[in-house]
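*Asks:* Okay, predicted coordinates and the sequence, questions at the end:
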Amino acid sequence: MSESSTVFPLLTVTAALPAAGAILTAAVPAARRTAAKWLALLVSLGTLVLAAFVVVRFEPDGARYQLTESHAWIEDFGVRYELGVDGIGVALIALTALLIPFIVLAGWHDADPLETRSRRWRPTQGFFALILMVEAMVILSFAATDVFLFYILFEAMLIPMYFLIGGFGDRAHTGSDENAAAQRSYAAVKFLLYNLVGGLIMLAAVIGLYVVAGNFSLTEIAEARASGSLEMATDTERLLFLGFFFAFAVKAPLWPLHTWLPNAMGEATAPVAVLITAVVDKVGTFAMLRFCLQLFPEASKWATPVIIALALISIVYGALLAVGQRDIKRLVAYASISHFGFIVMGIFAMTSQGQSGATLYMVNHGISTAALMLVAGFLITRRGSRLIADYGGVQKVAPVLAGTFLVGGLATLSLPGLAPFVSEFLVLVGTFARYPVAGIIATTGIVLAALYTLVLYQRTMTGPVKEEVRAMPDLKARELVVVAPLIALLLVLGVYPKPLTEIVDPAVRHTMSDVQQKDPRPEVEAAK
Amino acid sequence: MENLIALLVAAPLLGAAVLLCGGRRLDRAGHRLGTLLAAASFVIGAVLFFDMLGRGAEERALHQHLFSWVPVESFRADIAFQLDQLSMTFVLLITGVGTLIHVYSIGYMEHDERRRRFFGYLNLFLAAMLLLVLADNYLLLYFGWEGVGLASYLLIGFWQHKPSAATAAKKAFLVNRVGDMGLSIAIMLMFTTFGTFAFGPVLAAAGETGEGMLTAIGLMLLLAACGKSAQVPLQSWLGDAMEGPTPVSALIHAATMVTAGVYLITRSGAIFNAAPDAQLAVVVVGAVTLLFGAIVGCAKDDIKKALAGSTMSQIGYMILAAGLGPIGYAFAIMHLVTHGFFKAGLFLGAGSVMHGMNDEVDMRKYGGLRKYMPVTFVTFGLGYLAIIGFPGLSGFWSKDKIIEAAFAKGGTEGWILGAVTLLGAGITAYYMTRVMIMTFFGEKRWQPAPDADAVPSAEPAAEDHAGRMPHPHESPKSMTVPMILLAFGSVFAGGLFSLNSAFVHWLEPVTAFEHGHPPIGAAAVTASTVVVLLIGVGIAYAQYGRKPVPVVAPRGSLLTRAARRDLLQDDFNHVVLVRGGEHLTRSLVYMDHTLVDGVVNGTAASVGGLSGRLRKLQNGFARSYAVSMFGGTAVLIAATLLMRGV
Amino acid sequence: MNPVNYLYLASLLFTIGAAGVLIRRNAIVVFMCVELMLNACNLALVAFSRMHGNLDGQIIAFFTMVVAAAEVVVGLAIIVSLFRSRHSASVDDASLMKL
Amino acid sequence: MSALAAAGAASTGEAVQFWVLGTIAVVGALGTILMKRAVHSALSLAATMIILAVFYLANGAYFLGVVQIIVYTGAIMMLFLFVVMLVGVTAADSLKETIKGQRWLAAACGLGFGILLVAGLGRASLDTFEGLGTANAGGNVEGLAALIFTTYVFAFEITGALLITAAVGAMVLTHRERTERALTQRELSERRVREGKHLPPLPAPGVYARHNAVDIAGLLPDGTPSELTVSRTLRARGQVRDVSRQALADLRALEQRAEERLGRGPSEPQASRPQGRKEENAQ
């Protein structure tokens, strides 16, 4: 890409603001905990505003990558600090910037120190600083068009996440504190190891790509591939593809690389769990769409059947396991695995419906999971237990909580009128158009989704009121502020997703042309 | 004028939004607002109706395109409405009956502290149902389809503290979901086949594709219809759905929602007409359900469940008729409408009875109620006559036509179907008579209601009556008036529709109509119908009218016991699906923990062990390290030399 | 005679020195062996300088000597302090690298 | 040996010199690694180094040759000897191998390495030797100086820095700061009393001494040698000479010589000797 960078480095600023905010938040003295919270909230809101600018400045029908910035970084290896967003990136940046304020707000009290150890002991500051740091990295990775830069972010993200999972566990744990701490660190280490392994394999592939292509610029390589000036031996391409895909599949997570997610989401606090599944994991699926398909179109097509199969397994398997869970958060985690299966399937269905559906799915799943998980978090903090069996009849004592929980659940089972339905149906249609059998099998997922959601709702919210929950207070103002906008968003996007699809579609069209795929034409037309 | 269509949906939707988000301050006025908006919707419907009458038969259909819903490349789903005669029929039925039931509920739910939410749900249902029938493409229809499913879920489980209610609601939703699977697959098939799923293009192009594809689509649609309309094999939820408040049973599970399947099939007539196999499947499903429901209805002692069985079988009639193709569509819809009237009436009557009997639902504990609640008795009686098809009443006209059409199907099929429908009519007469007698005639068999916690505590007026002898009384006006109106409907609607077959002509532009000619003349069919009917009534009277009804149900024959348990179909589900599913999930959870996770942990452990072994090599003696260094250098040199050499 | 023999000699000495480093336990002797190796290198360098006909080789050898001197000084100092602390000059006694 | 410039090809004289001295050098090297005592190793290394110096000269590296003799053999090797004296002979000197398989590994590596080097040299085409005639034309030292102060000036400076650092480092390492005042004799004796052992001064060595024998432990009444009598350093070096047997042997030798000196007649011995022999036979 040429040196021509936009007048105002909007993307950099959008990512830099939370980063700076993180440092400031971390610097807040121990006594001024509330100040740190407010600071974090304001910063995240500011980022949201900047993200809104990004969305506005982005012209759907303009160039493929917009708001581009390009600066030399490591000349010797042709590594450049290269940013640029297509519709997909814009959508996901918007999602990230949108969710973080809610996460911050929902985690308002999650990191309050139970005891004051020392004057320098300030977990709260650390908690919010880490969240902001993650936000910065995620946004930047959605905007990075330099493979190496992306890789760095992809890996660096793990560090704050590791501390968020391992350092700030869910206080509603079963058993002794030591036991809980052990489980928490186990989850954190598991998360780290899984993603590191994936990352290392990806690193190998990145280096391999450099050896083959001679630079790291996604745009240049993609153009070279498209124009045919850069030939790759079939095996090379496939190996590189697998290297990239493995890392993304771990992050996504795709069966059978999924087992870190339930632990991580179960042990982390609800907001962090949302951060994991709704924001960070999206980087994986996003990267599949942006890097795997653009850089290795042939290999992608070659691997498609296997990946579709894995995605199918994830869908059904995740849903079935969700049915079998006894822990609310683990249930949501497995539900997410099922949903990620849908996303991956949509991406590799290689139809425009599938891919726009997948992109929408990323956004909608982010919102719906956030709604469900955060409400679940409120529920759990009230009762102090994650076990479904410990609840019952909550609906009677806390109707608003139950109502929001139900809406979140219905979104998860993708009820029409709520955002996830649109994306899920698009994915299904897109897949069905090319792989009818897969499409049909995947539809069983919607029944299973209904099963685990409604079972969860029934066991926790309905039935006779349990003694422990009798005194449970309903949602407080802060919590309503968190949940209400999310639900509103779900409804709006469910009925009027057009703005989103308009941003996404051109990018999808580009991707489709990258992989030289056309939507299968309907029989009737084909007959004519 | 077509801009009004959106208002039809908007009015109840607004009501739902306001009532559900409104909070407690609306508790006092909530029900009025809900009823008002339902009525408003009805008025709009009526206006549109008369406007429609004002136009010629062909240009009656109205279209309104609000906005594009999901535009992705060739995938175009719009929020757009289509109001033709078929939709209009439903609109009037839904809003009309809906409004009446709103009114009824005002009285019925009076003592429930969550009445506001109840009305919110009812409005939500109306909106969804209207969306379903007004949609101009299948995806939007799917929207409404799931919407009504949601509403029914919420309403069945309205008394959520009752585990049975919660379970029933969940069951209903799940079974419906299975059906929805069919619908969504059907839509995908349409999209891949026709490149669209709007009614117009799809139905127009139906002929252009292979019959196999059409059959597939048809069967998928049928699956959907089975789910929503409680047809075998997806009927199991309807019985349990009676856990919901009675008005809900009347509105959703008798008059409107459960008939959505019939609407779907009729609406997709073009597809079915071109796919005889699918049609056959439809007919078979209808016939089977017709008998199934009827038999179940005979065995139930719970008045609502008995009525539910009858609903099932009546819808079986409609489905069957719809399966007959052009000769049947019109009658299916006609029976649907009349059934909407009298079944709603019957349910409201049942509700009124329960209202008077501390929510006792067991008919064996009724008896001789006609003196205590005359209005209920009369209206219920009229409904009863209508449903058994007593000549001159609504049910007679519609059902008789269906039986004729069944015979007119021709060939052995025709005979079989005709026989089945006739038999069904007989059984209907039997079980309805049974209900009638057990409830209103004979001596009192009232029992003190069991104490409150066994009985659903929040069912209105339950606590205060608990443990005391019931003192049956007529229900308040708000409840009786709707019953009376519905009774009128159930008496005259059929006749009205059949005046020089107005209804058929009304629908003809939408569902092409061709006259079916039964091999035996229409008169003969009618005659036989009446005969069968009388036989059924006679048997019932002999069994229940002559000798006193035992309060505790006798063990009964094998068939009876099976029928009491919904012909064991439910148990089958439980054993195969529920148990099996539980085992499957449990084993999967175990596998996930041991196998998938185990592999990873195993690798980690082995790596640890290996490194432990490698540690032994590091003996800490500088000289041995030096050796290794030296050896390494030697190897390197050797390597370089070899490289050079090569 | 071909001066290349000097190189052979150098390599021979180097090898001997290396072997000595490996088999002797006395730190001082080990050091001597290191010196021997360095000297061998010097010889080689000098021979090379003769071969190429310029003095760079000798320069390098000179630097080697300087560095060797420094190394010896420091090394011996270390040995002395080690001996003071643990009354032994055996390299095996300093097996602190063991985990 | 050429006058001022090592010619490309070596003269016969140089050849002779090479073979003779080269052999000695190798022997010296072997001695370095095989001699038991560090002192001997040092000396044989010195020999090797001197020979190397000669070779330098032969190769036209006059400056280096001289430096080799002065710096290496003169300074560094002396330093070695000093340290050896300081440390003395230690148990580490024994050639016995303590690490299992170390020696074989070392031998294998060394052999392989050597073979590799030789092979490498053999493969390389090193037949053309320019000779230093031109380079040394202006004198070897001048040539080196010209290079050092032009091309290699930075390296030169840095080596200067290195040397200084090394010197300082050596001082730091070896210098022992005395933190507390040295104990006076009185304090020492008081401490001895406090500790309650060896109230009297340590027993003296050198019982049975025939020369000033600080390394002979004194004998306790029961005839066993007492370590206490020997200085700590000697003990550390393991240089305590075993007394009991040695001393008796010396005693016998003493008596014998005394007899010879006194010149006893052979008779008694002859008389006595058979008896003694008988006794021996009897025993």
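*Replies:* It's in.
*Asks:* Quick one: list the elements packing against the longest strand along chain B.
*Replies:* The longest strand of chain B (DSSP state E) is strand B:62-72. On a contact count with 3 or more CB pairs under 8 Å, 6 or more residues apart in numbering or on different chains; DSSP states H and E, strand B:62-72 meets helix A:352-383, helix A:419-434, helix A:498-514, helix B:3-22, strand B:75-83, helix B:138-156. From N, CA and C alone the C-beta is placed, and that goes for glycine too.
*Asks:* could I get those as a markdown table with mean neighbour count?
*Replies:* Converted to a markdown table, the helices and strands packed on strand B:62-72 look like this (neighbours: other CB atoms under 10 Å in any protein chain shown):
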| stretch | mean neighbour count |
| --- | --- |
| helix A:352-383 | 28 |
| helix A:419-434 | 28 |
| helix A:498-514 | 20 |
| helix B:3-22 | 21 |
| strand B:75-83 | 22 |
| helix B:138-156 | 26 |
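*Asks:* closest one to chain C among those?
*Replies:* Of all the helices and strands packed on strand B:62-72, it is helix A:352-383 that lies closest to chain C, at 44.1 Å by CB to the nearest CB.
*Asks:* Rounded mean pLDDT for the closest one, please.
*Replies:* The average pLDDT within helix A:352-383 is 91.
*Asks:* Helix A:419-434 and that one, what's the angle between them?
*Replies:* Put simply, helix A:352-383 runs at 140 degrees to helix A:419-434, going by axes from the mean of the first three to the mean of the last three CA atoms, to 10 degrees.
*Asks:* Report the angle between helix A:352-383 and strand B:75-83.
*Replies:* Using the same axes, to 10 degrees: helix A:352-383 against strand B:75-83 is 80 degrees.
*Asks:* Just checking helix A:352-383 against chain B, any contact.
*Replies:* Yes: under the criterion of CB under 8 Å from any CB of the partner chain, helix A:352-383 makes contact with chain B via A:352-353, A:356-357.
*Asks:* Turn the residues you listed into CSV, columns for distance to chain D.
*Replies:* Below are those laid out as CSV (distance: CB to the nearest CB, whole Å):
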residue, distance to chain D
A:352, 64
A:353, 66
A:356, 64
A:357, 65
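*Asks:* Tell me where chain C has helices.
*Replies:* C:4-23, C:27-52, C:56-86 (DSSP state H).
*Asks:* Report the angle between the longest one and helix C:27-52.
*Replies:* The one in question is helix C:56-86. 180 degrees.
*Asks:* again, but for the first one
*Replies:* Computed with the same axes, to 10 degrees, the direction of helix C:4-23 lies at 160 degrees from that of helix C:27-52.
*Asks:* roughly how far out does the helix or strand of chain C with the lowest mean pLDDT sit from the chain middle?
*Replies:* Lowest on mean pLDDT, DSSP states H and E among the helices and strands of chain C sits helix C:56-86, with a mean of 88. The chain centre lies 9 Å from the centre of helix C:56-86; the measure is CA atoms, centre = their mean, to the nearest Å.
*Asks:* Show me what it packs onto, helices and strands only.
*Replies:* Using 3+ CB pairs under 8 Å, 6+ apart, helix C:56-86 sits against helix C:27-52, helix D:62-67, helix D:77-87, helix D:140-148, helix D:153-174.
*Asks:* mind checking how far residue B:302 is from residue A:387?
*Replies:* 36 Å (CB to CB, to the nearest Å).
*Asks:* Likewise for residue B:103?
*Replies:* Taking CB to CB as the measure, residue B:103 falls 45 Å from residue A:387.
*Asks:* For the residues of helix A:352-383 next to chain B, give me CSV that also has distance to residue B:224.
*Replies:* Output for these, formatted as CSV (distance: CB to CB, whole Å):
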residue, distance to residue B:224
A:352, 27
A:353, 21
A:356, 26
A:357, 22
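*Asks:* Dihedrals phi and psi, residue 326?
*Replies:* In the absence of a named chain, this looks at chain A. phi -110, psi -10 (degrees, to the nearest 10).
*Asks:* what's the answer for residue A:327, then?
*Replies:* Residue torsions, per degrees, to the nearest 10, at residue A:327 are phi -110, psi 130.
*Asks:* Could you double-check that it lies in contact with residue A:387?
*Replies:* Yes: using CB atoms under 8 Å as the test, residue A:327 is close enough to residue A:387 to be in contact (6.2 Å).
*Asks:* Quick check on these two: which one has the bigger neighbour count.
*Replies:* Taking neighbours as other CB atoms under 10 Å in any protein chain shown, residue A:327 and residue A:387 compare with residue A:327 leading, 19 against 16.
*Asks:* tell me, how many neighbours does the nearest residue to residue A:369 once chain neighbours are set aside end up with?
*Replies:* Spatially, and ignoring its direct neighbours in sequence, residue A:369 is nearest to residue A:278 (5.1 Å; CB to CB, 6 or more residues apart in numbering or on different chains). Applying other CB under 10 Å, we find 26 residues neighbouring residue A:278.
*Asks:* Against residue A:372, how distant is residue A:278?
*Replies:* 10 Å.
*Asks:* tell me the angle the least confident helix or strand of chain C makes with helix D:153-174.
*Replies:* Going by the same axes, to 10 degrees, helix C:56-86 makes 10 degrees with helix D:153-174.
*Asks:* Now do the buried residues in helix C:56-86.
*Replies:* C:56-66, C:68-83 (16 or more other CB atoms under 10 Å in any protein chain shown).
*Asks:* Would you mind saying which of the helices and strands packed on helix C:56-86 lies nearest chain A?
*Replies:* helix D:153-174 (25.0 Å).
*Asks:* just the helices in the stretch 101-250 of chain B please.
*Replies:* B:115-134, B:138-156, B:163-194, B:199-205, B:211-228, B:236-241, B:246-250 (DSSP state H, counting those that start in this stretch).
*Asks:* ok, residues contacting stretch B:517-533?
*Replies:* Residues outside stretch B:517-533 that contact it (CB atoms under 8 Å, 6 or more residues apart in numbering or on different chains) are B:388-391, B:399-400, B:403-405, B:407-408, B:410, B:414-415, B:418, B:422-423, B:425-426, B:429.
*Asks:* what does stretch D:103-114 give?
*Replies:* Contacts for stretch D:103-114 (CB under 8 Å, 6+ apart): B:624, B:627, B:630-631, B:633-634, B:637-638, C:11-12, C:15-16, C:18-19, C:22-23, D:97.
*Asks:* Can you tell me which of those residues are buried?
*Replies:* Buried among the contacts of stretch D:103-114 by 16+ other CB under 10 Å: B:624, B:627, B:630-631, B:634, B:637-638, C:11-12, C:15-16, C:18-19, C:22-23.
*Asks:* Read off the pLDDT value for residue 174.
*Replies:* Looking at chain A here, since you left the chain open. In this prediction, residue A:174 carries a pLDDT score of 61.
*Asks:* I was thinking of chain D, sorry if that wasn't clear
*Replies:* 83.
*Asks:* Next one: the closest residue to it other than its chain neighbours relative to residue C:27, how far apart?
*Replies:* Nearest residue to residue D:174 in three dimensions, chain neighbours excluded: residue C:77, at 4.8 Å (CB to CB, 6+ apart). Counting by CB to CB, the gap from residue C:77 to residue C:27 is 12 Å.
*Asks:* Also residue B:162?
*Replies:* For residue B:162, the distance to residue C:27 - CB to CB - is 88 Å.
*Asks:* Next: residue D:226.
*Replies:* 32 Å.
*Asks:* more neighbours, the two?
*Replies:* residue C:27 (28 against 15).
*Asks:* Quick one: name whatever helix or strand follows the longest strand along chain A.
*Replies:* Ranked by residue count and defined by DSSP E, the top strand of chain A is strand A:66-74. Following strand A:66-74 in sequence order, the next helix or strand is strand A:79-85 (DSSP states H and E).
*Asks:* That following strand packs against which elements?
*Replies:* helix A:10-27, strand A:66-74, helix A:123-143, helix A:147-156, helix A:218-227.
*Asks:* Residue B:38: helix or strand, and which one exactly?
*Replies:* Using DSSP H and E, the element containing residue B:38 is helix B:30-53.
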